[in-house]
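Q: structure, please.
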Amino acid sequence: MKKIILTLFALVMVTMTASAYDLKVGTSDYGRISFLVGGTQATSAEEGQTVTVSIVCDGGYIVTEVTNELYSSWNSARSATVDMQTSVEMNKVDDNTYTFTMPRANVEVSVTYAINIDTKADETKDEEKEVDGVTLDMTVAEGESPHVDPVTGENVIPVAVESVQVPQQAEQKEITVVVAAVTKVGNNVFVVKEIKADAFKTPAESNTVVSKVVLPETEEPLKIENGAMKPNGNLLDVETPLSMLDDYALMASMRENFEAKQVSATTVAPERFWTFSSGVDVVVPEGVTVYRAFIDNEGIRILPIEEANRTRIIKANNGVLLSCNDMKGGEAYEFVANPGGQASGTVPATTDAKSYAGNAMVPTIVAKNYPANQYYIMKGNQFHTISSNGKVPACKAVYSVAKANQ
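A: Purely as a prediction, here's the structure:
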């Protein structure tokens, strides 16, 4: 009988001394997870102990979700069954701290992150007062991967705008959100590639709503999901770079904004005269005159383009010359995409539409190189020959000697 009692006592001792279970870090790509038990960093805990999960995010990132999974060890018969549990309930202390009671199993904790970037936001009122505390939450863009720039050594992270966080205001406000192409936080460089469908939605009870979005100058147009520019059922005014006005106006996901004439570009006149072209019809701003250029015995001359129906439209895929009232340039003008005969979902054409008779201007819908001595470019309010192969930026136009002689 005494031997049996000792054996039972020994079994009880094994059960009591083997009650520590592992704490393991799962997925945590943009931060570090540590576990605390009794205020001390730990890699294991006993059943019933309180475990604190502490998360330190990399620069620019925030925690969006914390999950856990229970798993067993082959060398522990007791942890092979966990009463059919697959996870343990976690209590949120703050955005970066969680606690849970250690179960009778090992626990693996994973964290998903988003990028949280302060953004510029202005009231869309006359005084244009800035609204503080507006941030954009971002995630790594689909199909993209972070990488290290071989020149700068910075971490380049392609991101998608997921949502906007707007502080509650005392009175109802409409704001303009300016999306930056690139944002640097420490050694991380966040490059915007995409805008998600719910990016600019605000809670139904919010007094602050987004009414306009300003898109950045980028090498390629951002991918914009359907509905992104119609949050809460309201069409947004969308301002794009002038050189990308046609790309966004004809983007399928921007169809409603385009048809409502709510896609535009604001540009400052570089001089009194400057050249222009676009892959989409645009409304001529007030204070701007549109010219065609031609050649005669006196050299290159210009004449205003008069539309038969007097609509102030620059037709797509035509090179023209513009002049503004300001003799030295410097005034800002808004060019609005006009849904004439073009439909969303089409790619801007790059060929010369030749809509204006006798016009020797050639559109440059996308940046391209022109051969020397066959074209003129506008500089300092005068036409100058291209003396060597020079690249002309998108949205400009050049004067073609060959076209003038046709």
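
Q: got the domain ranges for the chain?
A: Following automatic domain parsing, one gets these domains for the chain: 17-113, 240-406.

Q: what is the mean pLDDT for the first one?
A: This points to domain 17-113. The average pLDDT for domain 17-113 rounds to 84.

Q: low-confidence ranges in the protein?
A: Where the chain drops to pLDDT under 70, the residues are 1-18, 73-84, 118-131, 170, 307-311, 326-329, 388-390, 406.

Q: strand partners (parallel or antiparallel) of the top strand by length along the chain?
A: Counting residues, the longest strand found in the chain (DSSP state E) is strand 106-118. Strand 106-118 has its sheet partners listed here by DSSP bridges as strand 20-25 (parallel), strand 61-71 (antiparallel), strand 135-140 (antiparallel).

Q: all helices of the stretch 201-350 of the chain, in order?
A: 245-249, 255-259 (DSSP state H, counting those that start in this stretch).

Q: can you tell which of those helices is closest to residue 402?
A: Residue 402 lies closest, by Cβ to Cβ, to one member of the helices of the stretch 201-350 of the chain: helix 245-249, at 25.0 Å. No exception for glycine: its C-beta is placed from N, CA and C like everyone else's.

Q: could the helices of the stretch 201-350 of the chain go into TSV alongside distance to residue 64 and mean neighbour count?
A: Converted to TSV, the helices of the stretch 201-350 of the chain look like this (distance: least, Cβ to Cβ, whole Å; neighbours: other Cβ atoms under 10 Å):
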stretch	distance to residue 64	mean neighbour count
helix 245-249	29	28
helix 255-259	29	19
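
Q: okay if I get those helices as JSON lines plus distance to residue 224?
A: Output for the helices of the stretch 201-350 of the chain, formatted as JSON lines (distance: least, Cβ to Cβ, whole Å):
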{"stretch": "helix 245-249", "distance to residue 224": "8"}
{"stretch": "helix 255-259", "distance to residue 224": "10"}
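
Q: and the ones you listed: which comes nearest residue 289?
A: helix 245-249 (19.7 Å).

Q: who's in contact with the closest one?
A: 215, 221, 224, 238, 240, 254, 258, 263-265, 278-280, 282, 316, 335, 337, 339, 342, 344, 348, 365, 395 (Cβ atoms under 8 Å, 6 or more residues apart in numbering).

Q: just the ones in strands from these, please.
A: Among these, the subset assigned to strands under DSSP E consists of 224, 238, 263-265, 282, 335, 337.

Q: turn those into JSON lines, including neighbour count and distance to residue 72.
A: Output for the ones in strands among the contacts of helix 245-249, formatted as JSON lines (neighbours: other Cβ atoms under 10 Å; distance: Cβ to Cβ, whole Å):
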{"residue": "224", "neighbour count": "23", "distance to residue 72": "46"}
{"residue": "238", "neighbour count": "24", "distance to residue 72": "54"}
{"residue": "263", "neighbour count": "28", "distance to residue 72": "57"}
{"residue": "264", "neighbour count": "22", "distance to residue 72": "61"}
{"residue": "265", "neighbour count": "24", "distance to residue 72": "61"}
{"residue": "282", "neighbour count": "26", "distance to residue 72": "66"}
{"residue": "335", "neighbour count": "24", "distance to residue 72": "65"}
{"residue": "337", "neighbour count": "29", "distance to residue 72": "61"}
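
Q: from these, pick the one nearest residue 110.
A: Lowest distance from residue 110 to those (Cβ to Cβ) belongs to residue 224, with 30.3 Å.

Q: contacting residues around that closest one?
A: Contact analysis of residue 224 by Cβ under 8 Å, 6+ apart lists 194-195, 248, 251, 253-254.

Q: recalculate using a threshold of 7 Å.
A: By Cβ atoms under 7 Å, 6 or more residues apart in numbering, residue 224 lies in contact with 195, 251, 253-254.

Q: hey, C-alpha coordinates of stretch 324-339 in PDB?
A: Extracted C-alpha coordinates of stretch 324-339, given in PDB (Å, rounded to 0.1, in the frame of the first residue of the first chain):
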ATOM      1  CA  CYS A 324      -3.400  83.500 -70.500                       C
ATOM      2  CA  ASN A 325      -4.300  87.000 -69.400                       C
ATOM      3  CA  ASP A 326      -1.300  87.200 -67.100                       C
ATOM      4  CA  MET A 327       1.500  88.500 -69.200                       C
ATOM      5  CA  LYS A 328       4.200  86.700 -67.100                       C
ATOM      6  CA  GLY A 329       2.300  83.600 -66.300                       C
ATOM      7  CA  GLY A 330       1.900  82.300 -62.800                       C
ATOM      8  CA  GLU A 331      -1.900  82.200 -62.600                       C
ATOM      9  CA  ALA A 332      -3.600  78.900 -61.700                       C
ATOM     10  CA  TYR A 333      -6.200  77.500 -64.100                       C
ATOM     11  CA  GLU A 334      -8.500  74.500 -63.800                       C
ATOM     12  CA  PHE A 335      -8.800  72.100 -66.700                       C
ATOM     13  CA  VAL A 336     -11.900  69.900 -66.500                       C
ATOM     14  CA  ALA A 337     -12.200  66.600 -68.300                       C
ATOM     15  CA  ASN A 338     -15.200  66.700 -70.600                       C
ATOM     16  CA  PRO A 339     -17.100  63.500 -71.400                       C
END
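
Q: ok, back up a step: to residue 173, which of the domains of the chain lies closest?
A: The closest of the domains of the chain to residue 173 is domain 240-406. By Cβ to Cβ, the value is 19.3 Å.

Q: roughly how far is the closest one from the heart of the chain?
A: 27 Å (Cα atoms, centre = their mean, to the nearest Å).

Q: same thing with stretch 86-97?
A: Relative to the chain's own centre, stretch 86-97 is displaced by 31 Å; criterion: Cα atoms, centre = their mean.
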